[in-house]
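> I'd like to go over a predicted model; first the sequence, then the structure.
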Amino acid sequence: MSWIILFLAGLFEIAWAVGLKYTEGFTRLAPSGLTIAAMAISVGLLGLAMKSLPLGTAYAIWTGIGAVGTVIAGIILFGESASLFRLGSVLLIFAGIIGLKLSH
């Protein structure tokens, strides 16, 4: 169950990272509120997952999910670069996430 909770925490990390773009420096009320809520949920779920997962593993996977997901969201939502080098770098992060999961 902790792995599912950690995965959900990572998804909420993606949500708040993308949400930051829409807050326009926290000057827009609704996006700011949703972003702050996603931050709280993400960190709260991470804390729950850490009850039974090692700190380093949980934190690295949480940030990895957030990093990979945010890059993909940036490409899809904001037309950011999808260069081969960039995608290869994201693939390396993803491989690290899988490696950490398998080594647990």
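Perfect, I can see it now.

> just checking, what packs against the top helix by length along the chain?
Looking across the chain with DSSP state H, the single longest helix is helix 55-78. Judged by 3 or more CB pairs under 8 Å, 6 or more residues apart in numbering; DSSP states H and E, helix 55-78 is in contact with helix 2-23, helix 29-49, helix 84-103. Just so you know, the C-beta spots here come from the backbone N, C-alpha and C atoms, and that holds for glycine as well.

> Spatially central residue for the protein, please.
Central residue of the chain (CA atoms, centre = their mean): Gly66, 1.7 Å from the mean position.

> Setting the sequence-adjacent residues aside, check what's closest to that one.
Spatially, and ignoring its direct neighbours in sequence, Gly66 is nearest to Glu13 (3.5 Å; CB to CB, 6 or more residues apart in numbering).

> residues contacting that neighbour?
Residues in contact with Glu13, defined by CB atoms under 8 Å, 6 or more residues apart in numbering, are 38, 42, 62-63, 65-66, 69-70.

> Phe12 too?
38-39, 41-42, 45.

> tell me, how many neighbours does the nearest residue to it once chain neighbours are set aside end up with?
Of all residues not flanking Phe12 in the chain, Ser42 sits nearest, at 3.6 Å (CB to CB, 6+ apart). Number of residues near Ser42 (other CB atoms under 10 Å) recorded here: 22.

> Equivalent analysis for Phe94, please.
Phe94, neighbours per other CB under 10 Å, totals 14.

> pLDDT score for it?
Here the pLDDT value assigned to Phe94 is 96.

> In contact with it, which residues?
Counted by CB under 8 Å, 6+ apart, Phe94 has contacts 64, 68.

> again, only this time at 10 Å
By CB atoms under 10 Å, 6 or more residues apart in numbering, the contact list for Phe94 reads 64-65, 67-68.

> for those residues, which one is nearest Lys101?
Closest to Lys101 out of the contacts of Phe94 is Gly64 (9.9 Å), distances taken as CB to CB.
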